[in-house]
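**Q** predicted structure and sequence below. I'll ask about it afterward.
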Amino acid sequence: MHEVILTDDEKRMLQGESGLVAQKCMEYLLELCRVSGASRLIDLDGTGDFHTPMTSMSPYYEFPIEELRKIVDEGARFAIPTFANKAPFLAQPPVQGWEHCDVCAFQNDECLQSDPAFHHKAMREEWYELYRRMGMMTTHSCANYLVDTYWPTQGQHCSWNESSAIPYCNAVLGARSNIDGSFATCFLGKTAYYDMHVTENRYATVLVETERLIATDTEWDVFGFAVGEDAGVHVPCLTGTAKPTTTQLQKLNAAMNTGGAVRMYHIPGTTPEAPTTSYAFGGKTPQRTVVIGDAALRKAYDTLNYHTGDIVDMVYLGCPHLNIVDLMMLARKLDGKKAKIPFYIMTAPWIYHVAQEMGYVESFEKAGAHLMTGSCLAAMGAVPKGVKTIALDSAKQAYYITGCYPDEDNKLEVCYGSQDDCIDAALSGRWRGEWK
Ligand code: F3S
């Protein structure tokens with residue numbers, strides 16, 4: 001096992017001189033160094049994206065709540081600006097719109113997400129109250145970069161989480177983060193110094209070319225999934241694309257981190273660390289060039305689109321969480337229309353208030369669609385009872401939602417396509433989407 005060099009302060013924390021909570025956090029960070037190969041910790045000067053429900057460092061398993069209560073009463077706070085990734089509690093309830101969420105938490109018939117008592121209990125759990133008192137901002141979104149209003153600047157070291165957020169931090173903002181946003185990193189303001197914190201690891205290694213201009217939202221999504229499958233953990237440099245919109249970057253990031261584990265990428269002329277292709281590669285030659293052609297895109301689309309019939313039971317949009325412009329465009333598209341089947345839309349809680357003020361929530365309701373926030377079906381781990389086929393426009397959601405149904409006889413089927421295909425399915429109850 002390699003040696004991890006700690007500062008005197010860090011050593012004292014590890015010995016328990018700053019209390020049990022800090023000691024357990026140090027033990028966790030030391031373990032993170034060991035598994036990642038890091039030889040030291042780094043002080044964070046950016047922000048934290050605290051994946052509250054499921055990150056490996058969870059006080060549920062590491063120290064009793066009494067210890068946390070005690071230090072919070074004494075004034076303990078997170079060391080860096082910390083934002084909550086997702087809704088609280090393991091069931092990850094929607095924060096708003098939960099009244100319409102006909103999903104059983106834990107796939108347990110007795111815990112319905114729309115039950116007021118269950119919702120209240122989940123949202124006011126004591127751990128969360130304590131995190132709030134420590135300064136955790138209740139953004140509750142996998143895409144909290146859309147709303148947190150305090151973005152790290154280029155080169156700042158962060159501790160974030162989530163598939164669309166990590167490449168957003170690295171590739172789009174030029175800040176630095178691995179997938180490790182946790183209580184320990186946010187509380188101590190430290191993390192293991194490895195992977196994307198190190199300049200040399202951020203250069204591209206794989207040059208990606210295309211046969212068609214990647215321009216539509218669906219093309220970015222499918223392209224991202226195909227690139228991820230090919231690149232794995234490597235850093236791709238994407239060429240042959242149009243300038244992406246924010247929505248398309250969200251889709252690209254989530255899809256690349258689903259098909260593979262892409263934490264960083266470059267689009268020459270668009271992302272901040274790649275003014276040119278040569279910069280993207282740090283002046284070196286690509287290790288390999290891959291062409292994501294039409295056949296590869298078609299293959300990725302077919303992987304995501306798995307259904308045996310054309311009857312659709314439900315439509316779900318909002319993975320990653322929709323931004324405010326997405327909501328505006330969607331409200332316009334649904335104006336005067338009426339869905340025939342259950343239709344959920346997901347966004348970040350802080351966006352909900354603006355959507356309400358703009359009248360979008362009411363527009364969605366008139367169209368038979370419900371706006372929810374702070375969670376997603378894959379995170380909740382279920383769909384409403386009786387739903388056998390769902391229509392989606394997200395590679396990530398399409399890929400993970402089946403994981404909720406490990407039973408082969410009870411497998412959820414997915415119609416994957418564009419947002420317009422999904423709207424058509426909501427209005428008709430049929431799937432007519434196809435790869436274009
Ligand atoms: Fe977010 Fe759920 Fe998608 S966590 S990225 S909406 S799978």
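**A** Done, it's in.

**Q** now do the contacts for residue 87.
**A** Contact analysis of residue 87 by Cβ atoms under 8 Å, 6 or more residues apart in numbering lists 53, 93-95, 122-123, 140, 374-375, 379. Every C-beta, even on glycine, is put in place using the N, C-alpha and C of the backbone.

**Q** relative to the ligand, how far out is the nearest residue to it once chain neighbours are set aside?
**A** Once flanking residues are discounted, residue 87 sits nearest to residue 374: 4.0 Å by Cβ to Cβ, 6 or more residues apart in numbering. As defined by Cβ to the nearest ligand atom, to the nearest Å, residue 374 lies at a distance of 10 Å from the ligand.

**Q** do residue 348 as well
**A** Counting by Cβ to the nearest ligand atom, the gap from residue 348 to the ligand is 10 Å.

**Q** next SSE after the lowest-mean-pLDDT helix or strand in the chain?
**A** Ranking every helix and strand in the chain by mean pLDDT, DSSP states H and E puts helix 59-62 at the bottom, with a mean of 55. Next helix or strand after helix 59-62 toward the C-terminus (DSSP states H and E): helix 65-73.

**Q** related to what we said a few turns ago, in contact with the residue nearest to residue 87, which residues?
**A** 86-87, 92-96, 140-141, 348-349.

**Q** lowest pLDDT pick from these?
**A** Checking pLDDT across the contacts of residue 374, the minimum falls on residue 87 at 73.

**Q** in helices, which of the contacts of residue 87 fall?
**A** 122-123, 379 (DSSP state H).

**Q** of the residues you listed, list those near the ligand.
**A** residue 379 (Cβ under 6 Å from any ligand atom).

**Q** export the contacts of residue 374 as CSV, with columns for distance to residue 194.
**A** Formatted as CSV, those follow (distance: Cβ to Cβ, whole Å):
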residue, distance to residue 194
86, 24
87, 29
92, 28
93, 34
94, 35
95, 33
96, 37
140, 28
141, 26
348, 29
349, 32
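
**Q** can I have the buried ones of those residues as a ChimeraX selection?
**A** Buried subset of the contacts of residue 374, written as a ChimeraX selection, criterion 16 or more other Cβ atoms under 10 Å:
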select :86,87,92,93,94,95,96,140,141,348,349
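
**Q** related to what we said a few turns ago, tell me the two of the contacts of residue 87 that are most distant?
**A** Greatest spatial distance in the contacts of residue 87: 123 and 379, 14.9 Å, computed using Cβ to Cβ.

**Q** which of the two has more neighbours?
**A** For residue 123 versus residue 379, neighbours defined as other Cβ atoms under 10 Å are more numerous around residue 379 (23 against 18).
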